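J.: The sequence and its predicted three-dimensional model are supplied below.
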Amino acid sequence: MNDKKTRRELFRAGAIAATGTVAHCLLPGRMARAQFPEPQPLSEPGVTFVTSTESRPWQRAQAFRPSFGWTTLDLNLNGPVPDRTPIQGFGACFNELGWTSLKALSESDRDAVMAELFDPKAGARFTYCRTPIGANDFSTGAYSYDEADGDFELKQFSIDHDRKTLVPFIKAALKPQPKLKIWASPWTPPSWMKRNHFYAEAKSYPGMKDNGIRPEQLGHEGEDMFILEPKYLDAYARYFGKYIDAYKAEGIPVGMVMPQNEFNSAQNFPSCTWTPEGLTQFIRALGPEMEKRGVDVYFGTLERGNPKLLETVLADPTAARSIKGLGAQWEKMLFPPCIVSSLHCLCSSLSRSAETARTRGATPRIVGSL
């Protein structure tokens, strides 16, 4: 009897172990218990769950089997929704640490992994992926494309850092899937554009390496950490433009951007909190820069189940004219379906009243993440 697993079987078993263990870690929360029964310990031949911290690397731990089924995907679309558009695709996010891990493999194994993810005829068949603009929470370190304080002309702008990681990662995905659609968003602006002059807004969690933030640099939900002055807003919009141009020169077309990842969340990794009013000011500057390049602007990513965060922006005609869709993600695994429906209706209303996407032959879309 041959007990060897195929690569795809190993991927599936590993994903089951990872998902079940994450769900088990969430169970102490009331909301998680309400959604999932308690996961059971997993005993899968050939699969070992290993954890690493700075002080205790490569420790074996108990893995758990998720208590929810996931061999099929059920999409429940209830009730009449005007101008419903089809799902455009599924995908994931490019991260630096993903590429550094893949680089540890042989070239043939790395190509096989990329084929499993992006080959249009097999595997996951991803077609729509995100990439960070600068550092995110899975980067090799905190960085931006221009850390020269006060460089409003962006003379020091450079994506050299990305040429070692994100650029080859995306090119490796474009090889099996040349039609891959790519969108991008920043986790943080350059630190000199922020009021705290620091990449993060919160202290490191207990057990993590100290990120060096000082008490007066801490941020909070409901405040604008970006410096809302015209010269900063203009420079940051042009920063996006330079990013689009630089990636295009690398053969990587970025077709859509969002102004900020999780704009309500002050994190211990690269982050920047904004109010809807602050984002409205930035989108007024960002829209024209992206329109010059044929790049769409979506509102997001929205990590709170509150449509008023979007309504505030859409109430401004200039900002609303630039928004072609929105990005929403689950809040603590429970993003109410009524919110998604409300957001879709808001987008439909936007396209009629502000002469946005529909006048150009398109319909505003929602990008969602788990």
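T.: Received it, and whenever you're ready, just let me know what you need. Here the structure is a predicted model, which means the values were calculated and not measured. Residues are numbered from 1 along each chain as shown.
J.: ok but residue 129 is inside a strand, no?
T.: Yes. Going by DSSP: H, G, I helix; E, B strand; the rest coil, the assignment for residue 129 places it inside a strand.
J.: residue contacts, it?
T.: 91, 92, 93, 94, 170, 173, 180, 181, 182, 183 (C-beta atoms under 8 Å, 6 or more residues apart in numbering). In short, each C-beta sits where N, CA and C put it, glycine included.
J.: Now it: closest residue in space that isn't a chain neighbour?
T.: Of all residues not flanking residue 129 in the chain, residue 91 sits nearest, at 4.0 Å (C-beta to C-beta, 6 or more residues apart in numbering).
J.: Distance of the one you found relative to residue 237?
T.: To residue 237, residue 91 is 26 Å away according to C-beta to C-beta, to the nearest Å.
J.: and those two? which has more neighbours close in?
T.: residue 91 (23 against 19; other C-beta atoms under 10 Å).
J.: Enumerate the positions of stretch 191-210 that are buried.
T.: Neighbour-count burial for stretch 191-210, counted by 16 or more other C-beta atoms under 10 Å, picks out 191, 192, 193, 194, 196, 198, 199, 200, 201, 202, 203.
J.: hmm, I was thinking of stretch 153-167
T.: Judged by neighbour count using 16+ other C-beta under 10 Å, the buried positions of stretch 153-167 are 154, 157, 159, 161, 162, 165, 166, 167.
J.: same check, this time on stretch 47-58
T.: Buried-residue list, stretch 47-58, by 16+ other C-beta under 10 Å: 47, 49.
J.: and what of stretch 230-239?
T.: Those would be 232, 233, 235, 236, 237, 238, 239, for stretch 230-239 by 16+ other C-beta under 10 Å.
J.: Tell me if the fifth one really is in a strand.
T.: The one in question is residue 237. No. Read with three-state DSSP, residue 237 is helix and lies in no strand.
J.: thought it was touching residue 291?
T.: No. Residue 237 is beyond contact range of residue 291, at 11.0 Å (criterion: C-beta atoms under 8 Å).
J.: any weak-confidence spans in the stretch 51-200 of the chain?
T.: Residue ranges of the stretch 51-200 of the chain with pLDDT under 70: 65-85.
J.: can you give me the helices for it?
T.: 96-102, 107-118, 166-174 (DSSP state H, counting those that start in this stretch).
J.: Please list the residues outside the first one that contact it.
T.: Applying C-beta under 8 Å, 6+ apart, the contact partners of helix 96-102 are 110, 113, 114, 138, 139, 140, 165, 166, 168, 169, 172.
J.: quick one: secondary structure of residue 219?
T.: The three-state label for residue 219, taken from three-state DSSP, comes out as coil.
J.: pretty sure it contacts residue 268?
T.: No. If you go by C-beta under 8 Å, residue 219 and residue 268 don't touch, sitting 10.6 Å apart.
J.: out of these two, which sits in the more crowded spot?
T.: Shown here are residue 219 and residue 268; by other C-beta under 10 Å, residue 219 has more neighbours (22 against 17).
J.: give me the element the closest residue to that one other than its chain neighbours is part of.
T.: Computed as C-beta to C-beta, 6+ apart, the closest residue to residue 219 that is not its neighbour in sequence is residue 201, at 3.1 Å. Under the assignment given by DSSP states H and E, residue 201 is not contained in any helix or strand.
J.: So residue 201 versus residue 96, what's the distance?
T.: Taking C-beta to C-beta, one finds residue 201 at 20 Å from residue 96.
J.: Neighbour-wise, give me the winner out of the contacts of helix 96-102.
T.: Using other C-beta under 10 Å as the neighbour test, the contacts of helix 96-102 are led by residue 166, with 26 neighbours.
J.: Identify the residues contacting the residue nearest to residue 129.
T.: Counting by C-beta under 8 Å, 6+ apart, residue 91 makes contact with 126, 127, 128, 129, 130, 180, 181.
J.: if you set the cut-off to 6 Å instead, what comes out?
T.: 126, 128, 129 (C-beta atoms under 6 Å, 6 or more residues apart in numbering).
J.: ranges for the strands of the stretch 51-200 of the chain?
T.: Assigned by DSSP state E, counting those that start in this stretch, the stretch 51-200 of the chain shows strands spanning 59-61, 64-65, 128-132, 181-185.
J.: Tell me which of those strands lies nearest to residue 87.
T.: Taking C-beta to C-beta, strand 128-132 is the member of the strands of the stretch 51-200 of the chain nearest to residue 87, at 9.4 Å.
J.: how about the closest one: buried residues?
T.: Buried residues in strand 128-132, counted by 16+ other C-beta under 10 Å: 128, 129, 130, 131, 132.
J.: Let me know the secondary structure of the closest residue to residue 275 other than its chain neighbours.
T.: Of all residues not flanking residue 275 in the chain, residue 224 sits nearest, at 5.3 Å (C-beta to C-beta, 6+ apart). Under the three-state scheme (three-state DSSP), residue 224 adopts coil.
J.: quick one: contacts for residue 224?
T.: Residue 224 touches 274, 275, 278, counting by C-beta under 6 Å, 6+ apart.
J.: Reformat those into TSV and put distance to residue 302 and pLDDT next to each item.
T.: Shown next, in TSV, are the contacts of residue 224 (distance: C-beta to C-beta, whole Å; pLDDT from 0 to 100):
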residue	distance to residue 302	pLDDT
274	11	97
275	13	96
278	15	97
